[in-house]
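Chemist: test case, fold it:
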Amino acid sequence: MTTIAVMADPPREGLVATDLAATSPLTEAEAAECYAAMCRDVFVAVSRSGGDLLVNYRPDDLLPSEHVTDTTAKAAVRALAAGALDDPGDARFEPQVGSAFDARAGNTITHLLREEGVTSAAVVQGSAPFLTRTLVDNAAMKLRRAEVVLGASTRGRVYYAGFTDPVDFADAFTPPAVETLTDRGRDAGHDVDFLPIQPVLETGADLVDVLPLLNARVDAERIVPANTAAFLDRIGLRVDRDGAEPRLVRS
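Modeler: I've put the predicted structure just below:
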């Protein structure tokens, strides 16, 4: 089984989803709520897969001082998972180590593979609500044949990065991450494989892509990230296409 580390921050206003708040009609508080909903969907997808869920949280000493509260980062992230999982015992929680995301992700993957002896390990972020059990299990199968498996998103981003052997993780997620990670894998002599493209939700432009997809999947009675869909429906965002360019408006 693959151990999937969900890189999670406590869902606090001004700490998470700041690009989403800056480029969409969402306030910083609403963007933090959206981030929390997306994390719940990611937790559910991983917990229902054949993989092991590791919630890899950013601890208080790695947070900006203005975002440290009386509630510890660990407690905040535990509460987030408890609200999503049927059995919170399905997840284990470990603090991230490292100053930058690349270092924290790399340290996690390297520790899992070399110190814990897992066969394969992956990192995903809370901005990937369209991650599904099927995608996680498909990745696990691909990791039996390739040392690196990437889930590509739009604009060169990745929603999943899985490994059976570490690579050079220094600046490995530099945009476009899908190219950089592929190069690092090939530099290490590894085979690289890919999952189907899926959207991530990090900016207002992503919302323009995601909202019609969510609405269509709801209408077709197909699987949707339930927490994210419920949040976006509640705040009444929609895509207005009356002008030359689609734009986000509130209903």
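
Chemist: now the helices for this structure?
Modeler: 18-22, 28-47, 73-82, 101-110, 133-142, 177-187, 204-219, 226-235 (DSSP state H).

Chemist: quick one: closest of these to F93.
Modeler: The closest of the helices of the chain to F93 is helix 73-82. By C-beta to C-beta, the value is 6.2 Å. (Glycine included, C-beta is placed from N, CA and C.)

Chemist: so which residues make contact with the closest one?
Modeler: The contact list for helix 73-82 (C-beta atoms under 8 Å, 6 or more residues apart in numbering) reads 8-12, 36, 39-40, 43, 55, 57-60, 63, 88, 91, 93, 95.

Chemist: mind giving me the ChimeraX select for the residues you listed, buried ones only?
Modeler: Only the buried entries of the contacts of helix 73-82 go into this ChimeraX selection, using 16 or more other C-beta atoms under 10 Å:
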select :8,9,10,11,12,36,39,40,43,55,57,58,59,60,63,88,91,93,95
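
Chemist: among the contacts of helix 73-82, which lie within strands?
Modeler: A8, V55, Y57, A91, F93, P95 (DSSP state E).

Chemist: right, and the fourth one touches L53 too?
Modeler: Yes: here A91 lies in contact with L53, judged by C-beta atoms under 8 Å, at a distance of 4.4 Å.

Chemist: OK, contacts around G106?
Modeler: Contacts of G106 (C-beta under 8 Å, 6+ apart): G98, P166, F169, A170, A172.

Chemist: skipping adjacent residues, who's closest to A140 in space?
Modeler: Spatially, and ignoring its direct neighbours in sequence, A140 is nearest to T2 (4.6 Å; C-beta to C-beta, 6 or more residues apart in numbering).

Chemist: T180 now?
Modeler: Among residues not flanking T180 along the chain, T174 sits closest, at 4.9 Å (C-beta to C-beta, 6+ apart).

Chemist: number of residues surrounding the one you found?
Modeler: 13 (other C-beta atoms under 10 Å).

Chemist: so how far is S24 from it?
Modeler: 25 Å (C-beta to C-beta, to the nearest Å).

Chemist: swap in G51?
Modeler: Here G51 is placed at a distance of 31 Å from S24 (C-beta to C-beta).

Chemist: still on that earlier bit, looking at the helices of the chain, which is nearest to A152?
Modeler: Ranked by C-beta to C-beta, the member of those that lies closest to A152 is helix 177-187, at 4.6 Å.
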